[in-house]
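Undergrad: Sequence plus the predicted model coming up.
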Amino acid sequence: MTDVAADVIATLIDRGLTIAVAESLTGGLLVAELIRVPGASATVNGGVVAYNTELKHTIVGVDAALLAEHGPVHPEVARQMASRIRVALAIGGVPADVGLSTTGVAGPGGQGGQPAGTVYIGVSIGDASTAFRLELGGDRQSVRSQTVDRSLKQLSAVLDSTGG
């Protein structure tokens, strides 16, 4: 079985890239999975759990009008979280090279018209920020665990596609 987090950390270190993470429904599980890997301190700037919607604006920098119009479970929110966490967690004035974000509904019920299991992952590298929609099943913990796993796999695929 492949350790995707270890592979992501190795790729980031090999390329001399740093990463910053903004999480909502995963509540810190995603950055914890990254820093579980020995040597992660060479590449992981840190993570922010912006569970409350207002913190997505005040801490991460997501546009307040976007949040007011669409709520926190939206592809553009995921993109902005990924892009703007890079600046929010800059070290010595240097933004992180990679941003990764999660926002969605873990359940048990829906939120803002979105059913449980609706998740967006944001990935930001260079000038490109993308969002990926997931429709996950299972209970709350399963949705959160699947989101961490799929976030790392999606980031790995994006890193593979951007080359070395």
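TA: Thanks, I have it.

Undergrad: What strand or helix carries the residue nearest the centre of the chain?
TA: Centroid check for the chain by Cα atoms, centre = their mean gives residue 101 as the closest residue, at 1.7 Å. Using DSSP states H and E, residue 101 maps to strand 98-104.

Undergrad: Tell me how far the residue nearest to the centre of the chain lies from residue 109.
TA: 23 Å (Cβ to Cβ, to the nearest Å). Heads up, the C-betas are built off the backbone N, CA and C, glycines and all.

Undergrad: Now stretch 73-86: buried residues?
TA: Neighbour counts over stretch 73-86 (16 or more other Cβ atoms under 10 Å) mark 73-86 as buried.

Undergrad: Kindly report the same for stretch 132-145.
TA: 132, 134, 136, 143-145.

Undergrad: before we move on, what about stretch 99-108?
TA: 99-107.

Undergrad: Tabulate those residues in CSV, adding columns for distance to residue 115 and pLDDT.
TA: Listed next are those as CSV, based on distance: Cβ to Cβ, whole Å; pLDDT from 0 to 100:
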residue, distance to residue 115, pLDDT
99, 26, 98
100, 24, 98
101, 20, 98
102, 17, 98
103, 15, 98
104, 10, 98
105, 7, 97
106, 11, 97
107, 9, 95
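
Undergrad: out of those, who's nearest residue 119?
TA: Of all those, residue 119 sits closest to residue 104, with 3.1 Å by Cβ to Cβ.

Undergrad: Could you measure from the closest residue to that closest one other than its chain neighbours over to residue 5?
TA: Nearest residue to residue 104, sequence neighbours excluded (Cβ to Cβ, 6 or more residues apart in numbering): residue 119, at 3.1 Å. As judged by Cβ to Cβ, residue 119 and residue 5 stand 18 Å apart.

Undergrad: swap in residue 161?
TA: From residue 161 to residue 5 the distance is 19 Å (Cβ to Cβ).

Undergrad: And those two? Which one has more around it.
TA: residue 5 (22 against 8; other Cβ atoms under 10 Å).

Undergrad: what number of residues lie near the nearest residue to that one once chain neighbours are set aside?
TA: Using Cβ to Cβ, 6+ apart and skipping residues adjacent in sequence, the residue nearest residue 5 is residue 33, 4.9 Å away. With neighbours defined by other Cβ under 10 Å, the count for residue 33 comes to 23.

Undergrad: May I have the longest helix along the chain as PDB, with CA atoms only?
TA: In the chain, taking DSSP state H as the definition, the longest helix is helix 140-162. The C-alpha coordinates for helix 140-162 follow below in PDB (Å, rounded to 0.1, in the frame of the first residue of the first chain):
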ATOM      1  CA  ARG A 140     -19.300  12.000   9.300                       C
ATOM      2  CA  GLN A 141     -16.000  10.400  10.200                       C
ATOM      3  CA  SER A 142     -15.900   8.500   7.000                       C
ATOM      4  CA  VAL A 143     -16.500  11.700   4.900                       C
ATOM      5  CA  ARG A 144     -13.700  13.400   6.800                       C
ATOM      6  CA  SER A 145     -11.300  10.500   6.400                       C
ATOM      7  CA  GLN A 146     -12.100  10.100   2.700                       C
ATOM      8  CA  THR A 147     -11.600  13.900   2.200                       C
ATOM      9  CA  VAL A 148      -8.100  13.700   3.700                       C
ATOM     10  CA  ASP A 149      -7.200  10.700   1.500                       C
ATOM     11  CA  ARG A 150      -8.700  12.200  -1.700                       C
ATOM     12  CA  SER A 151      -7.000  15.600  -1.000                       C
ATOM     13  CA  LEU A 152      -3.600  14.000  -0.800                       C
ATOM     14  CA  LYS A 153      -4.200  11.900  -3.900                       C
ATOM     15  CA  GLN A 154      -5.400  15.000  -5.800                       C
ATOM     16  CA  LEU A 155      -2.400  17.000  -4.700                       C
ATOM     17  CA  SER A 156      -0.100  14.200  -5.800                       C
ATOM     18  CA  ALA A 157      -1.800  14.100  -9.200                       C
ATOM     19  CA  VAL A 158      -1.400  17.800  -9.600                       C
ATOM     20  CA  LEU A 159       2.200  17.700  -8.600                       C
ATOM     21  CA  ASP A 160       2.800  14.900 -11.100                       C
ATOM     22  CA  SER A 161       1.200  16.900 -13.900                       C
ATOM     23  CA  THR A 162       3.300  20.000 -13.200                       C
END
